[in-house]
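Engineer: Sequence isn't available, so here's the structure alone:
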C-alpha cells in the first residue's frame, strides 16, 4: 500500500476539486492510501466516502501571493508544511499540491530534502509533441524555473534526472537527451551552455543528441530537453502564451466573421478539439521537483478533479517504478567512485 | 537624395528578389539612390531599369554557413564587406542585406562601428501585437540575439535605443518600456535583471512600466520590450516556433479531416488569412542592429521582393527621422554630463 500526502487546501478549486480528484484516483487504484491535510470542516464536507482517506486537520493555509520561504518557516501548521513533513517522516511516500508553487518547491527542498549528490533539484514538466506524423507524443523538460541562476553541474545533473524519469515514467528505453541552446551547432551558446554541451557529450552513459533551439522545443527531436531554469521558464511561457494567442485570434475571427465563419467553425470543430487536446497535455499531469528524496508534485492552480486524478496516476507510476531510488543509487554511486560535478 | 548600400548577393533568392524589391522601392521613393554590391553579370542580368541604381562589382560572397568574423576579415571583396565599407566611408547612408546574419552583424560592428557611448549594439525587431481589441499593432523588441552574454549597462542602453526607435520609426510619443523577466513583480529575476529593473525604474527620462513575462510578449503591454540577447532569442524563437506548430496542426487536421474539414476550411479561409497576415508581420521589415553609426538592417534570408521593398521603406523612415543622430546626441551628451553606464 502506497501513501500519498495531499495538500487539500491548495489551488483555485480547493478543497472541492482536490477531494473529488483524490476520490476518483482512490476508486481507480486500490493500492493507494491518502493522507489529506486541510481544514477539518471544509475537507470533511467534501468527502463522499472515507475509504483509504485519512484526514489530518491543519489550521493554517499558505496563500497564493505569499513569499514562499518565509511562509514555510512561519506557518508550521499549514497543509503544505504538514504534508511535506509527513513525507520527511516516512508517513507518506509522496507529496501532492495544487497550491502556491514557490511554497511547494520550498517545502520540497527544505523539508523533504535533496538526494545526496544532487546540487539543485529541477522542476520538470512533461510537454506534448504536437506532431501527428510522429509516434512520440511527449518529452521531459527541465528545469522549468526552480532556479533562476544555474551552474554547469546543475544542468549536467538534470540530464540524469530527466533520463531516469523518461525511462521509468514514460517508458523510453534509451532517451535522447537534447540541450536547449541558441543554435544547433556544437560551438553555440554562452560559456555555461558550451561547458554543459561538452560534459553531456563526454558522458558515456547518456544518449546525447546535441543542441535544440527553442523554436524546435515541441518538435519531438529529443525525449529529454535539458535547460537552465531561466531559459527554460522563458521558452515555456513563450510557447504557452503563443499557443493561447493563436487560438484566441481564431476565436475572435470566428466571432466576428458572421454566419460563414460560424458555419466553418462547426465543420472544423473536431479539428479544433483535437488541437486543444494535444496542446493541452502540458497542463495535465503535474510538475515534479526532481532531485528530492520523494516525489513532490505540483499541479496547476486551476486544476479540476480530472487533472488531480491524472497527476495522482503520474505519482503512482513514479512510486511503482522506483524512479527516485534509481536516482539515489546513481548519484550515491557517483559520490563513491568519482565526482565529476564537484570540479566546477 | 539618400543612398542605401545593398548587398545584392545575400539571401535565398538573391540576386533576383533583392533587385526586384529594390526596383519597387526605387519606383516608390524618388529620393533614394541605391548602390548595389554584387557579381556584375548576375546583378546586371536582373536589373530592368538602371535609374538611381549604381552597380559596384564584387568578386566574393560570404555563404550562409561561414564563421562571421573570419569571413569578414578574409573576404574583403565580398558584397557584405564592400557595402558596409561604403557606409563607413560616407558613400552611403545605410546598409541592407538578406545574407549571413552573423556576417552582417560583424560587418556592422567592425566596419560601420558603434555610436560613442554605446557598449554593445542590440539586434532589434518590430513584432506584432496580435490583439484585435487593441489599437496598437506592434512593438519594439531588443536584443533578439546579437549578444549571448550581457551586462546591466547593455540592457539599460537598449531601453534608450528602443525608445528612440519607437518614437521616430513607429511614431509613439511616450513609449512604454517593459523588461522581459521571469515574473511581473519588481523583485523578480536573477541578479542581472534585478539590477536592470532598478536602473530603468530610477531613470527619469524613461516611461518604465515594469516587468513583462515571456507569456505576455505579444500582449501589447509595452511599446518597447528590453531583454538580454540570450533570453530575447529564446523567447522569440519559441514564439515563432509555436505559432508555426499550431498553424501546422490546423493544416494537418484539415488535410486529414475529409470533405467536412475542407469545406470548413474554405469558409474560415478569410479568418486564417487574417491570422497569417497579423502573425507574419514579424517576418516583414528587417532586424536593425541599433547602436551603430548608421542603419544596418538585415531581412530574413527567405525574403522575397515585397519584404525587401518593405525593409527599404523602414530604412527610409530611419533616415528621414534622423533616429540615429538622436541616439548619437543622447549618448554623446551623457558622456559629457555623467556616465552611469561606466560604473558596473
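Structural biologist: Received, thanks. What you see is a predicted model, and the numbers here were worked out from it, not measured in a lab.
Engineer: Heading C-terminal from the lengthiest helix in chain A, find the next helix or strand.
Structural biologist: Ordering each helix of chain A by length in residues (DSSP state H) puts helix A:229-255 first. As assigned by DSSP states H and E, the chain's next helix or strand after helix A:229-255 is helix A:258-280.
Engineer: Check which residues of the longest helix of chain A are buried.
Structural biologist: Across helix A:229-255, burial judged by 16 or more other Cβ atoms under 10 Å in any protein chain shown covers A:229-243, A:245-247, A:249-250, A:252-254. C-betas here are computed from N, CA, C, even on glycine.
Engineer: any residues touching stretch A:307-317, and which ones?
Structural biologist: A:2, A:4, A:17-18, A:20-22, A:24-25, A:28-29, A:32, A:94, A:96, A:98, A:168-169, A:283-286, A:288, A:295, A:297, A:299-300, A:303 (Cβ atoms under 8 Å, 6 or more residues apart in numbering or on different chains).
Engineer: now the longest helix of chain A against helix B:229-255, angle please.
Structural biologist: Put simply, helix A:229-255 runs at 40 degrees to helix B:229-255, going by axes from the mean of the first three to the mean of the last three Cα atoms, to 10 degrees.
Engineer: got the phi/psi numbers for residue A:217?
Structural biologist: The phi/psi pair for residue A:217 (degrees, to the nearest 10) reads phi -50, psi -40.
Engineer: ok now do it, which residues does it touch?
Structural biologist: A:127, A:141, A:180, A:225, A:235-236, A:239, B:238, B:241-242.
Engineer: residue ranges with poor pLDDT in the stretch 51-200 of chain A?
Structural biologist: Nowhere does the stretch 51-200 of chain A drop to pLDDT under 70.
Engineer: Chain B contacts on that one?
Structural biologist: Residues of the stretch 51-200 of chain A found near chain B (Cβ under 8 Å from any Cβ of the partner chain) are A:130-133, A:145, A:148-149, A:180, A:182, A:189-191.
Engineer: Helices of chain A, residue ranges please.
Structural biologist: Ranges of helices in chain A, per DSSP H, are A:16-28, A:40-46, A:68-74, A:79-88, A:101-107, A:152-168, A:191-202, A:229-255, A:258-280, A:305-321, A:323-337.
Engineer: Identify each buried residue in the fifth one, please.
Structural biologist: Put plainly, it is helix A:101-107. Buried-residue list, helix A:101-107, by 16+ other Cβ under 10 Å: A:101-107.
Engineer: any idea which of those is closest to residue B:220?
Structural biologist: Within the buried residues of helix A:101-107, proximity to residue B:220 (Cβ to Cβ) peaks at residue A:101, which comes in at 26.5 Å.
Engineer: which residue packs closest to the closest one, ignoring adjacent ones?
Structural biologist: Leaving out its chain neighbours, the residue that sits closest to residue A:101 by Cβ to Cβ, 6 or more residues apart in numbering or on different chains is residue A:298, at 5.7 Å.
Engineer: of the buried residues of helix A:101-107, closest to chain B?
Structural biologist: Nearest to chain B, judged by Cβ to the nearest Cβ, of those is residue A:102 at 9.9 Å.
Engineer: So that closest one versus residue A:148, what's the distance?
Structural biologist: According to Cβ to Cβ, to the nearest Å, residue A:102 stands 12 Å off from residue A:148.
Engineer: Overlap in contacts, the two.
Structural biologist: Common contact partners of residue A:102 and residue A:148 (Cβ under 8 Å, 6+ apart): none.
Engineer: contacting residues around the nearest residue to residue A:42 once chain neighbours are set aside?
Structural biologist: In space, residue A:42 comes closest to residue A:15 once its chain neighbours are excluded; the distance is 5.4 Å by Cβ to Cβ, 6+ apart. Residues near residue A:15 by Cβ under 8 Å, 6+ apart: A:8-9, A:38-39, A:42-43, A:46.
Engineer: at 10 Å what do you get?
Structural biologist: Residues near residue A:15 by Cβ atoms under 10 Å, 6 or more residues apart in numbering or on different chains: A:6-9, A:22, A:36, A:38-39, A:42-47, A:79.
Engineer: are any of these buried, and which?
Structural biologist: With neighbours counted by 16+ other Cβ under 10 Å, those contain buried members at A:6-9, A:22, A:36, A:38-39, A:43, A:46-47, A:79.
Engineer: which of those residues lies closest to residue A:73?
Structural biologist: Distances from residue A:73 to those, taken by Cβ to Cβ, are shortest for residue A:79, at 15.6 Å.
Engineer: so what's that closest one up against?
Structural biologist: With contact taken as Cβ under 10 Å, 6+ apart, residue A:79 is in contact with A:5-10, A:14-15, A:36-39, A:43, A:56-62, A:97, A:99.
Engineer: before we move on, what about residue A:233?
Structural biologist: By Cβ under 10 Å, 6+ apart, the contact list for residue A:233 reads A:123, A:143-148, A:227, B:181-183, B:213-215, B:231, B:234-235.
Engineer: Let's see which of these end up in strands.
Structural biologist: Counting by DSSP state E, the contacts of residue A:233 place residue A:123 in strands.
Engineer: quick revisit: just put the buried ones among the contacts of residue A:15 in JSON lines and tack on distance to residue B:265.
Structural biologist: Below are these laid out as JSON lines (distance: Cβ to Cβ, whole Å):
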{"residue": "A:6", "distance to residue B:265": "45"}
{"residue": "A:7", "distance to residue B:265": "46"}
{"residue": "A:8", "distance to residue B:265": "46"}
{"residue": "A:9", "distance to residue B:265": "47"}
{"residue": "A:22", "distance to residue B:265": "43"}
{"residue": "A:36", "distance to residue B:265": "49"}
{"residue": "A:38", "distance to residue B:265": "49"}
{"residue": "A:39", "distance to residue B:265": "52"}
{"residue": "A:43", "distance to residue B:265": "49"}
{"residue": "A:46", "distance to residue B:265": "45"}
{"residue": "A:47", "distance to residue B:265": "49"}
{"residue": "A:79", "distance to residue B:265": "49"}
